[in-house]
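Q: need a structure here:
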Amino acid sequence: MFDKNSKILLILILILAMVLTGCWDYIDIEKRGYVSVIGIDKFEKEPMKEIDVGAKDPKDTPENRFSLTYLMTNVDYIVDKADEPNIIYTAPGETFYGSSRVLPTYYDKQVNFGHLKVAIIDEKVASDEKLFREVLDGFERDPFINRRLYMLLTSETAEKVINVEPVSNMVTANFLLDLLENKTRPARSGNGTISNIYRDVYWNKNTIIPRVIPGEEDIKVAGSGVIKNLKFEGWLGETDTRSLEIIRGEAKPEGINLKYNSIENKVAQEGDTWDYIISIALIYQPSKIKLIEKKKDNIKISVEIEVVGTIEEFYFQPKQDLLNPKTIDFFSESVCKKLTKELEDVTKKLQKEYKVDVMGIDRRLSTFHPKFWDEVKGDWEEIFPNIDIVINVNTNITQIGVLK
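A: As a prediction, this is how the structure comes out:
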């Protein structure tokens, strides 16, 4: 069909097509600035002034409402060509999007959010419903932002958190991501991915967001901030957050310590004397939330928690025989009592102080009792603080470690 010359010409055309093909919008990686952590603070300084080149006199811009801090990992530091591990810029703006447009006026690279891993929001932004809604909308609309992005709250400023260079890993973005994705991270701060946060706020406008605390040379993620009606309501401590995660059925394995009084053979309460501390590793099974009474003016909920434990540390050659079933039953019951109190404490705080359902009870009622939920959902915010929630914990210690 083709002669020899035609075949050679066709091959040359194909080779040239492959060699000369390129991207019309190609940009060298050295000319991009990949933002890996973003900090969002409320702007509290005097409004900036901008000179309008086409006007005779400077004119004031609308008041800046956000102060955004951008952290880009210095690639040259990773290959030992630079001393500074992080490149940090702060830019004000009237809107969340507008601030990112200001950054290129004094940063010589094209800003890219495709590798954004962590967003840190200060308490003042989260306390302003309008500003917080704008931030959530900005993250959701951006097609380049991954749904696995982690969102954190801080009572300090986000800029302060970002400027910390942790001793164990001075590349702050890598440190935060490794910290949040650590499979052994205890259930003391919640999940924090924006996919989970949007899931919650789309359902009832309420959620919890992990708290980040900056130190001099370290960063800690522990505790959580309560969001009620898309606005910051208050903080939960580490123990309260863990208890809430247990109720929600999302708690990772963790340990608990019991202070034991061997003379009186009891677990010491606060202020009591004790001899030993027994450490028990716990695995929490998914919780079961059941509707016991379903009258609108008399709702009773049961939260069933199953826990499996392993004794990790006690005391060398103790008098107590850990092979004795009665001893194991005693410690199992002690774990139940301690966990029950902690779960009841966070339940009381959420019902009486914050008056917000972030426990997932409304979602369970909607799923398993849809007709009853239709009756109460319109008044759930007023009903929730007054419902009767009963906590039942069952602990089974199955292992005691290796003994001689």
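
Q: when you work out contacts or count neighbours from here on, use the C-alpha atoms and nothing else.
A: Fine.

Q: chain center to stretch 233-249: distance?
A: Relative to its chain's centre, stretch 233-249 lies at 12 Å (Cα atoms, centre = their mean, to the nearest Å).

Q: over to stretch 243-262?
A: 19 Å.

Q: where does the stretch 51-200 of the chain dip in pLDDT?
A: By pLDDT under 70, the low-scoring segments of the stretch 51-200 of the chain are 51-62.

Q: so where do the strands sit in the stretch 1-150 of the chain?
A: Along the stretch 1-150 of the chain, counting by DSSP state E, counting those that start in this stretch, strands occupy 32-42, 49-50, 59-60, 66-73, 86-93, 110-112, 118-122, 150-154.

Q: a markdown table please, covering those strands and showing distance to D321.
A: Shown next, in a markdown table, are the strands of the stretch 1-150 of the chain (distance: least, Cα to Cα, whole Å):
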| stretch | distance to D321 |
| --- | --- |
| strand 32-42 | 52 |
| strand 49-50 | 76 |
| strand 59-60 | 78 |
| strand 66-73 | 55 |
| strand 86-93 | 55 |
| strand 110-112 | 62 |
| strand 118-122 | 49 |
| strand 150-154 | 46 |
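
Q: quick one: Q399 and V308 touch, right?
A: No. Assessed by Cα atoms under 8 Å, Q399 is found out of contact with V308, at 9.1 Å.

Q: make CSV from the strands of the stretch 1-150 of the chain and add mean neighbour count and distance to I194 to it.
A: Output for the strands of the stretch 1-150 of the chain, formatted as CSV (neighbours: other Cα atoms under 10 Å; distance: least, Cα to Cα, whole Å):
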stretch, mean neighbour count, distance to I194
strand 32-42, 23, 14
strand 49-50, 12, 35
strand 59-60, 12, 36
strand 66-73, 24, 18
strand 86-93, 20, 23
strand 110-112, 16, 19
strand 118-122, 24, 9
strand 150-154, 26, 6
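
Q: closest to T367 out of those?
A: When those are compared by Cα to Cα, strand 150-154 sits nearest T367, at 27.5 Å.

Q: what's the angle between that closest one and strand 32-42?
A: 40 degrees (axes from the mean of the first three to the mean of the last three Cα atoms, to 10 degrees).

Q: mind listing residues that contact the following helix or strand past strand 150-154?
A: Later in the chain than strand 150-154, the nearest helix or strand by DSSP states H and E is helix 158-162. The contact list for helix 158-162 (Cα atoms under 8 Å, 6 or more residues apart in numbering) reads 37, 39-41, 68-69, 71, 90, 120-122, 172, 212-214, 219.

Q: buried stuff in stretch 99-108?
A: Buried residues in stretch 99-108, counted by 16 or more other Cα atoms under 10 Å: S99, S100, L103.

Q: now the spatially closest residue to K296 that is not a sequence neighbour: which helix or strand?
A: Spatial nearest neighbour of K296, excluding adjacent residues (Cα to Cα, 6 or more residues apart in numbering): V376 at 6.6 Å. Assigned by DSSP H and E, V376 belongs to helix 370-376.

Q: average model confidence for that helix?
A: In this model, helix 370-376 carries a mean pLDDT of 93.

Q: which other helices and strands contact it?
A: Judged by 3 or more Cα pairs under 8 Å, 6 or more residues apart in numbering; DSSP states H and E, the packing partners of helix 370-376 are helix 361-368.

Q: other SSEs contacting the helix it packs on?
A: Against helix 361-368 (3+ Cα pairs under 8 Å, 6+ apart) you get strand 288-295, helix 370-376.

Q: how about 10 Å then?
A: Counting contacts by 3 or more Cα pairs under 10 Å, 6 or more residues apart in numbering; DSSP states H and E, helix 361-368 packs against helix 194-204, strand 288-295, strand 298-313, helix 370-376.

Q: overlap in contacts of Q399 and V308?
A: Here Q399 and V308 share the contacting residues I280, A281, scored by Cα atoms under 10 Å, 6 or more residues apart in numbering.

Q: and the residue most central in space within the chain, what does it touch?
A: Nearest residue to the geometric centre of the chain (Cα atoms, centre = their mean): G192, 2.2 Å. With contacts taken as Cα under 10 Å, 6+ apart, G192 has the following neighbours: 118, 148-153, 180, 207-211, 224.

Q: can I get the residues you listed in CSV including distance to I292?
A: Formatted as CSV, the contacts of G192 follow (distance: Cα to Cα, whole Å):
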residue, distance to I292
V118, 41
R148, 37
L149, 38
Y150, 37
M151, 36
L152, 36
L153, 36
L180, 37
T207, 25
I208, 27
I209, 30
P210, 32
R211, 34
S224, 30
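
Q: separation between I277 and D200?
A: 38 Å (Cα to Cα, to the nearest Å).

Q: partner residues bridging the residue nearest to E156 when sequence neighbours are not counted?
A: Leaving aside its sequence neighbours, E156 sits nearest to D122 (Cα to Cα, 6+ apart; 6.5 Å). For D122, the beta-bridge assignment (DSSP bridges) gives partners T154.

Q: isn't D122 right up against I38?
A: No. The criterion here is Cα atoms under 10 Å, and D122 misses it with I38 at 11.3 Å.

Q: which one is L71 nearest to, not counting chain neighbours?
A: I88 (4.7 Å).

Q: element containing T398?
A: strand 388-399.

Q: tell me the buried residues in that strand?
A: With burial defined by 16+ other Cα under 10 Å, the residues of strand 388-399 counted as buried are I389, V390, I391, N392, V393, N394, T395, N396, I397, Q399.

Q: turn the residues you listed into JSON lines, columns for pLDDT and distance to K294.
A: JSON lines is the format used below for the buried residues of strand 388-399 (pLDDT from 0 to 100; distance: Cα to Cα, whole Å):
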{"residue": "I389", "pLDDT": "95", "distance to K294": "12"}
{"residue": "V390", "pLDDT": "96", "distance to K294": "14"}
{"residue": "I391", "pLDDT": "96", "distance to K294": "17"}
{"residue": "N392", "pLDDT": "95", "distance to K294": "19"}
{"residue": "V393", "pLDDT": "95", "distance to K294": "22"}
{"residue": "N394", "pLDDT": "95", "distance to K294": "25"}
{"residue": "T395", "pLDDT": "93", "distance to K294": "28"}
{"residue": "N396", "pLDDT": "93", "distance to K294": "31"}
{"residue": "I397", "pLDDT": "91", "distance to K294": "35"}
{"residue": "Q399", "pLDDT": "87", "distance to K294": "40"}
